[in-house]
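**Q** Provide a 3D model corresponding to the input given below.
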Amino acid sequence: MDVFLHYKSNKGNLRDLVDLAEKALEEFPCRILPTFTPWFPSGGDKSLPIKPQKSAPVISVEDQKQIQFYLWCSEPLLSARSDCEFEGLKEFSTADVKQSLSRRRVISEDAASKAHDDIVSGDRRLRRSWSAVTLGSLLSLQIQPFSRQFQKVVERFGLHSLQRAKWIIEEPNCVSSDLEHVWTVLCQATRQSKLPTCNANIQRNLLQIWVFCDVLYSEYVGHFLKRELCLSGQISLAVHRQGTIFNL
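**A** As a prediction, this is how the structure comes out:
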């Protein structure tokens with residue numbers, strides 16, 4: 001252990017200070033540290049702490065010859081089978097693969113469309129709760145400017161054009177039909193990309209349908225819902241943390 005003594009040159013003699021520090025250190029007990037011994041065995045120790053209970057299996061020379069004989073007997077059968085399997089196969093290119101994948105994709109889309117139409121038109125309707133717009137759909141819609149009333153709402157709440165909002169359709173709005181029928185028609189419109197940036201959710205416990213869309217298309221979507229779904233009364237537009245901000 002090293003001891004550092006700090007002193008001032010004008011405060012006494014250095015020798016006296018050193019003697020005083022040594023006398024002060026005599027009160028502390030001194031002990032010799034034991035030699036470090038690792039708990040794990042060293043590399044030169046041959047007696048490992050963990051040994052397998054049984055020794056490794058040993059394959060005799062006779063067993064090796066028997067295995068080689070079985071492999072030699074099975075080689076002609078494998079070669080003959082492989083020749084029969086690969087005989088008559090033609091070469092293929094990446095163009096054939098792309099054509100096969102595109103054909104398979106078209107067939108799967110047609111089958112999915114037919115199955116969806118059968119489910120909607122039949123008596124057994126699929127009681128799904130979500131409907132989302134198809135990915136990659138091109139929307140050729142001309143964005144109409146906001147009405148003066150809706151423009152004031154956007155400016156008052158400071159809404160962004162890509163902020164999400166939701167139209168709330170309640171059961172009293174479905175006078176000409178029931179809520180399930182309106183939900184079916186809405187799913188078809190969403191699937192056909194008639195509603196831009198929209199996904200819908202039916203809340204059967206609340207007897208409501210929520211149609212989510214961007215603020216940019218919210219007024220267009222609201223007029224579309226009123227016209228195509230034959231809704232009566234007013235539908236409400238709500239925004240997260242703001243509540244209902246507009247009625248149509």
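
**Q** wait, a strand at Val211?
**A** Yes - Val211 forms part of a strand when assessed by DSSP: H, G, I helix; E, B strand; the rest coil.

**Q** under the pLDDT cut-off, which ranges of this protein? List them.
**A** Along the chain, the model assigns pLDDT under 70 to residues 1, 11-12, 40-50, 73-128, 131-143.

**Q** where do the helices of it begin and end?
**A** 14-25, 61-86, 94-121, 148-157, 179-191, 215-228 (DSSP state H).

**Q** hang on, isn't Asn247 packed against Lys226?
**A** No - judged on CB atoms under 8 Å, Asn247 makes no contact with Lys226 at a distance of 11.3 Å. In this view, the C-beta of every residue, glycine as well, is placed from N, C-alpha and C.

**Q** the two: which is more packed in?
**A** Taking other CB atoms under 10 Å, Asn247 and Lys226 do not tie; Lys226 has more neighbours (18 against 10).

**Q** how close does that one sit to Leu17?
**A** Applying CB to CB, to the nearest Å, one obtains 98 Å for the distance of Lys226 from Leu17.

**Q** same question, Thr197
**A** From Thr197 to Leu17 the distance is 84 Å (CB to CB).

**Q** one more: Gln151?
**A** 87 Å.

**Q** ok, the two, which is more surrounded?
**A** Set side by side, Gln151 and Leu17 show more neighbours around Leu17, with 15 against 12, by other CB under 10 Å.

**Q** show me what contacts the more buried one?
**A** Listed by CB atoms under 8 Å, 6 or more residues apart in numbering, the contact partners of Leu17 are 5, 7.

**Q** at 6 Å what do you get?
**A** Counting by CB atoms under 6 Å, 6 or more residues apart in numbering, Leu17 touches Tyr7.

**Q** how much space between it and Gln53?
**A** Leu17 is 69 Å from Gln53, by CB to CB.

**Q** got it, and Leu162?
**A** Counting by CB to CB, the gap from Leu162 to Gln53 is 68 Å.

**Q** kindly report the same for Gln144.
**A** Applying CB to CB to Gln144 and Gln53 gives a distance of 83 Å.

**Q** likewise for Pro145?
**A** 84 Å.

**Q** of those two, which one has the most company?
**A** Pro145 (8 against 4).

**Q** next, that one: phi, psi?
**A** phi -70, psi 150 (degrees, to the nearest 10).

**Q** ok, and the closest non-adjacent residue to it?
**A** Among residues not flanking Pro145 along the chain, Gln151 sits closest, at 8.0 Å (CB to CB, 6 or more residues apart in numbering).

**Q** what about the one you found, distance to Phe157?
**A** Gln151 is 12 Å from Phe157, by CB to CB.

**Q** same check on Trp183?
**A** For Trp183, the distance to Phe157 - CB to CB - is 29 Å.
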